[in-house]
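Trainee: Quick one: sequence and predicted model below, then my questions.
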Amino acid sequence: MISEEIRYCLALNEIKDIGPVLLKRLFSRFGLAKQIFNATIDELAYVEGIGIEKAKRIKNFDKWNVIEKLIKLCENRDIAIYSFSDEKYPKLLREIYDPPVVLFCRGELISENDAALSIVGSRRLSEYGRRITERLAYDLACLGITIVSGLARGIDSVAHNSTLSAGGRTIAILGSGVSCIYPPENKMLAEKIIKNGAIISEFYPDEGPRKENFPRRNRIISGVSFGTLVTEATINSGALITASFALEQGREVFAVPGNITSKNSEGTNYLIQKGAKLVTKVEDILEEIEQFIPLLKKITTELSNETTKTDRLDNDEKIVFNILNEPLYLDEIILKTGMNTAKVLEILLSLEIDGLINKIEGKYVRRI
């Protein structure tokens, strides 16, 4: 059931020339959307940036038929609407300079999502970028951290898929409406995310992808997260825009170093030069975010103890484990080790149970 407050928030969203910054000021002054509409023109005009003309637009709003049509559409499609004043609205996002007044959501936003880290990067990723993103996203998800990204091709898709492989929660922030998945080849991935997290957007459900929407969406990716990790990016990548928003919002920025001759690492190496935290393993992130997630002190200790598990491996197990410093299919492992299939499968199962390796998209890779 759509609340009265959401109706008023949707109405505010329809008013010309009153964007997220001014709306946040109005909420700071009046508390609720209904109270904004109940205020006098003079009271509204007194708020910085509003003035008489914008105040009149608020008081004279009459497009309630548009609002009711939008609400009915969302109800028919099982799309939730969260207002700025809703308790399920992401807490960290509410703190940014220009938060959206409403979010459209497919899936579910829960309190555990407050412990979120965004992972972004190049659409044209290298095998190095894929491997690093798979490993870090998987390990962070295993620790209970929600992984946020933008459902784009490349690094974003890898981050979402690896989180799902770990049984973790992931949130996709769209540059289009939640009924208009872009890119279209990620429709199946979006459905998986809906079952294990959420896809959210500030744009109306049927709005298609527009070039100007994506920088706006990037502020939400960083805004819902306590930090942003860039695993691979060119110097002109949109991922650097997200990192820039994170810095403006007072959030942590992490970057994975790369080959200095690779264009795909120019962006991450630049971020490190400018002060981003260099990341080569998940512990590099954990030591910076304990203030956000108190339980991570215990988790970090448990994670560091996993390294001692390798000391207990027998010779055959060590052979298999040591070659998995890069993702390999089963037949590649058999070829490299010279072991028979049954033996390799037995070792892989044992290593996976011990939490030393992962299987991602059919390939096996070391976790530590």
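Mentor: Thanks, I have it. Numbers count the residues shown, from 1 in each chain.

Trainee: hang on, isn't residue 92 packed against residue 227?
Mentor: No - Residue 92 is not in contact with residue 227 according to C-beta atoms under 8 Å; the separation is 10.3 Å. (C-beta placed from N, C-alpha, C; glycine too.)

Trainee: what's the spacing between stretch 62-78 and its chain's center?
Mentor: Relative to its chain's centre, stretch 62-78 lies at 27 Å (C-alpha atoms, centre = their mean, to the nearest Å).

Trainee: avg pLDDT for it?
Mentor: Averaged across stretch 62-78, pLDDT comes to 95.

Trainee: Show me which residues of it are buried.
Mentor: Applying a neighbour-count criterion of 16 or more other C-beta atoms under 10 Å, one finds 67, 70, 71, 74 buried in stretch 62-78.

Trainee: ok, and for stretch 281-289, which residues are buried?
Mentor: For stretch 281-289, by 16+ other C-beta under 10 Å, it's 282, 285, 286, 288, 289.

Trainee: Nearest to residue 265, out of the residues you listed: which one, please.
Mentor: Each of these was scored against residue 265 by C-beta to C-beta, and residue 285 proved nearest at 18.4 Å.

Trainee: Contact partners for that closest one?
Mentor: By C-beta atoms under 8 Å, 6 or more residues apart in numbering, the contact list for residue 285 reads 117, 136, 140, 227, 229, 254, 277, 279.

Trainee: Would you mind measuring from the nearest residue to the fourth one once chain neighbours are set aside to residue 77?
Mentor: Counting by C-beta to C-beta, 6 or more residues apart in numbering, residue 252 is the residue found nearest to residue 227 once chain neighbours are left out, at 3.3 Å. Using C-beta to C-beta, to the nearest Å, residue 252 is found at 36 Å from residue 77.

Trainee: before we move on, what about residue 64?
Mentor: Counting by C-beta to C-beta - residue 64 and residue 77 are separated by 21 Å.

Trainee: Surely residue 126 and residue 264 touch.
Mentor: Yes - if you go by C-beta under 8 Å, residue 126 and residue 264 touch, sitting 5.2 Å apart.

Trainee: shared neighbours, these two?
Mentor: residue 232.

Trainee: And these two? Which one has more around it.
Mentor: Legend: neighbour count by other C-beta atoms under 10 Å for residue 126 and residue 264, higher for residue 264 (23 against 17).

Trainee: Does that one touch residue 129 like I think?
Mentor: Yes - counting by C-beta under 8 Å, residue 264 does reach residue 129; the two are 6.1 Å apart.

Trainee: between the two, what contacts are shared?
Mentor: 122, 232, 258.

Trainee: Angles on the backbone of the first one, please.
Mentor: Residue 122 has phi and psi values of phi -70, psi 140 when expressed as degrees, to the nearest 10.

Trainee: what's the answer for the second one, then?
Mentor: Backbone dihedrals for residue 232, given as degrees, to the nearest 10, come out at phi -160, psi 130.

Trainee: hey, what's it bridged with?
Mentor: residue 121 (DSSP bridges).

Trainee: sorry, back to before: dump the buried residues of stretch 62-78 to JSON lines, plus distance to residue 360 and secondary structure.
Mentor: As requested, those are exported to JSON lines (distance: C-beta to C-beta, whole Å; DSSP: H, G, I helix; E, B strand; the rest coil):
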{"residue": "67", "distance to residue 360": "44", "secondary structure": "helix"}
{"residue": "70", "distance to residue 360": "39", "secondary structure": "helix"}
{"residue": "71", "distance to residue 360": "40", "secondary structure": "helix"}
{"residue": "74", "distance to residue 360": "35", "secondary structure": "helix"}
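
Trainee: All set, thanks.
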